[in-house]
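Engineer: here are the coordinates; sequence isn't available:
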Ligand SMILES: Cc1cc2nc3c(=O)[nH]c(=O)nc-3n(C[C@H](O)[C@H](O)[C@H](O)COP(=O)(O)OP(=O)(O)OC[C@H]3O[C@@H](n4cnc5c(N)ncnc54)[C@H](O)[C@@H]3O)c2cc1C
């Protein structure tokens, strides 16, 4: 099996960037490495949203440029084509967060459906990412349960409408052979989303894993949930799609738990989260016949573990069963070296209007500005490549 990949080969990692792009990326990463600048950016982002002040260009030329592929599908397509040249697949991800109107939910649904049609025509390995909070008001979702016990007709109608929207996405994706990654969000809504995506997997993953749920492995209960899913799939004879992440809402989850006076659902230490993530990788790759897995991570050790397990478990058809994905603008060393090594490697390619991408951008900027964050690692690799080119 072809498992000799050098994940630190910077020449391969940045071959898609010309010298100017490389310099600009280094410049912006140096900016967001400074926590105080990220605080300023967050403030500016807040003002843009609240007072509609025209400071959009500030975001557009800094974090947006690094982490988003453009404001519309046409701009994103340029990135998709560039990735394709390096055998990197695209998970097309329309980002539209924070607008809680029925009109925007309808637009989001139509955009996702259009994206499914679009990627099915453009890509050999088509994927889309979907955020369920873009299809119905999260405050409403928090109040409803999955059972049909509600006597409120309006509540029932809205709940059915939401499930029908998810169903429409899945039905179209399956008819076009497109894989759908349903993202995981905050726990207050995720428990409900889990039940719906489970139901979609039972319905649509009969012969092919096209519908993927996301498990946030920083949650204490996720390994047990994964084991339940595997048993359920065996019993009810369907296939599972699992996207594994560590989780992006740690601080918020801890705060919510503290306010509610309950124990935090998130592990206390990074080591525990890493252990849980790697446990899930081990389970999924052992059960590869029924579980298709996406390792959505920038953690090199977890990627190396998966490569080792692919070999140990002799997963000859790993291109169809194990996927690797990193966010656009991050960990190019993993994405491009994996693709070069003939693994199924992709980028999550977010696009959308700057205003609607703000919560997404802030998550990325904050993640990259923290001390334990990614930035120093990214910068190290980028500067290595810059000096390599100079030589
Ligand atoms: C392609 C892709 C798709 C993604 N989709 C989603 C999604 O749908 N939902 C979502 O929530 N996130 C998503 N993320 C983000 C992801 O959850 C992580 O925030 C991010 O990838 C960083 O984790 P890591 O595995 O890359 O690596 P690392 O940098 O090794 O891990 C950082 C992560 O470890 C955890 N952690 C850090 N400190 C502690 C601590 N003290 N105690 C416990 N845990 C700790 C946190 O989850 C933190 O984000 C996605 C990421 C990628 C690459």
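Structural biologist: Perfect, I can see it now. Predicted, not measured: the structure shown is a model, and the values here were computed from it. Residues are numbered from 1 along each chain as shown.
Engineer: quick check, residue 241 in a strand?
Structural biologist: Yes - per DSSP: H, G, I helix; E, B strand; the rest coil, residue 241 lies within a strand segment.
Engineer: That one: what's it in contact with?
Structural biologist: The contact partners of residue 241, by C-beta atoms under 8 Å, 6 or more residues apart in numbering, come to 179, 181, 201, 205, 209-213, 291-292, 294. C-beta: built from backbone N, CA, C; applies to glycine.
Engineer: So the residue nearest to it when sequence neighbours are not counted: helix, strand or coil?
Structural biologist: Nearest residue to residue 241 in three dimensions, chain neighbours excluded: residue 212, at 3.4 Å (C-beta to C-beta, 6 or more residues apart in numbering). Three-state call for residue 212 (three-state DSSP): strand.
Engineer: Let me see the ranges of the strands in the chain.
Structural biologist: 89-94, 127-130, 179-182, 211-216, 240-245, 291-296, 322-327, 344-351 (DSSP state E).
Engineer: Could you export these as TSV, including distance to the ligand?
Structural biologist: As requested, the strands of the chain are exported to TSV (distance: least, C-beta to the nearest ligand atom, whole Å):
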stretch	distance to the ligand
strand 89-94	7
strand 127-130	7
strand 179-182	7
strand 211-216	4
strand 240-245	4
strand 291-296	3
strand 322-327	4
strand 344-351	4
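Engineer: want to throw those strands into CSV with mean pLDDT and distance to residue 364?
Structural biologist: Output for these, formatted as CSV (pLDDT from 0 to 100; distance: least, C-beta to C-beta, whole Å):
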stretch, mean pLDDT, distance to residue 364
strand 89-94, 97, 13
strand 127-130, 97, 14
strand 179-182, 98, 17
strand 211-216, 98, 17
strand 240-245, 98, 14
strand 291-296, 98, 14
strand 322-327, 97, 7
strand 344-351, 96, 9
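Engineer: Could you list the residues of the stretch 101-250 of the chain in contact with the ligand?
Structural biologist: Selection of the stretch 101-250 of the chain residues close to the ligand by C-beta under 6 Å from any ligand atom yields 183-184, 214, 216, 218, 245-250.
Engineer: Could you tell me which of these belong to helices?
Structural biologist: residue 250 (DSSP state H).
Engineer: Looking at the residues of the stretch 101-250 of the chain next to the ligand, which one is closest to residue 10?
Structural biologist: Nearest to residue 10 among these, counting by C-beta to C-beta, is residue 246 at 24.6 Å.
Engineer: next one: stretch 296-310 to chain centre, how far?
Structural biologist: 16 Å (C-alpha atoms, centre = their mean, to the nearest Å).
Engineer: The longest helix along the chain vs strand 211-216, what angle?
Structural biologist: Secondary structure assigned by DSSP H gives helix 153-176 as the longest helix of the chain. Orientation check (axes from the mean of the first three to the mean of the last three C-alpha atoms, to 10 degrees): helix 153-176 against strand 211-216 gives 110 degrees.
Engineer: quick check, distance from helix 153-176 to the centre of its chain.
Structural biologist: Its chain's average C-alpha position is 21 Å from that of helix 153-176, according to C-alpha atoms, centre = their mean.
Engineer: which residues are contacting that helix?
Structural biologist: Under C-beta under 8 Å, 6+ apart, the answer for helix 153-176 is 105, 109, 112-113, 116-117, 120, 126, 128, 130, 132, 135-136, 140-141, 143-144, 148, 150, 178-180, 196-197, 200, 203-204, 210-211.
Engineer: Return the subset of those residues lying in helices.
Structural biologist: 105, 109, 112-113, 116-117, 120, 140-141, 143, 196-197, 200, 203-204.
Engineer: Greatest separation within these: which pair is it?
Structural biologist: Across the ones in helices among the contacts of helix 153-176, no pair lies farther apart than 120 and 143, at 35.7 Å, counting by C-beta to C-beta.
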